[in-house]
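In: Got a predicted structure plus its sequence, pasted below:
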Amino acid sequence: MKLDSVVLTSAGAREVFQEVMALIREALLKGNPVTLPNVCTLTPYTKKARNFRHPQTGKLFRVERTKYVRLILSSGLKNDLGA
């Protein structure tokens, strides 16, 4: 894609980027997946609370429920990277 007629300053590009990131963040906080075509899909998920034992001391610890964002590469990008 060639955009010869579009003129965007560095400050303008930064503003556009920040707006796009804000929209992505908003969607993820609502629990909605975000797809960036030909790049990846960002999906929010929650890991359950769990217990684990320290291997040296044997002491039991509890890890509370945590929220993450899972990134899944698009198949096209995987192929281009040779993954």
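Out: Looks like it arrived, so ask away.
In: if you go through this protein in chain order, where are the strands?
Out: Assigned by DSSP state E, the chain shows strands spanning 34-36, 40-47, 50-53, 60-63, 66-73.
In: what comes into contact with the fourth one?
Out: Counting by CB atoms under 8 Å, 6 or more residues apart in numbering, the neighbours of strand 60-63 from elsewhere in the structure are Ala49, Arg50, Asn51, Phe52, Arg53, His54. The C-beta positions use only the backbone N, C-alpha and C, and glycine is treated the same way.
In: thinking again about what came up before, for the strands of the chain, give me CSV that also has distance to Leu28.
Out: What follows is the strands of the chain, written out as CSV (distance: least, CB to CB, whole Å):
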stretch, distance to Leu28
strand 34-36, 6
strand 40-47, 5
strand 50-53, 23
strand 60-63, 22
strand 66-73, 6
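In: Would you mind giving those as a markdown table with distance to Ala11, mean neighbour count and mean pLDDT added?
Out: Putting the strands of the chain into a markdown table (distance: least, CB to CB, whole Å; neighbours: other CB atoms under 10 Å; pLDDT from 0 to 100) gives the following:
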| stretch | distance to Ala11 | mean neighbour count | mean pLDDT |
| --- | --- | --- | --- |
| strand 34-36 | 23 | 14 | 96 |
| strand 40-47 | 26 | 14 | 95 |
| strand 50-53 | 46 | 10 | 94 |
| strand 60-63 | 43 | 10 | 94 |
| strand 66-73 | 28 | 12 | 95 |
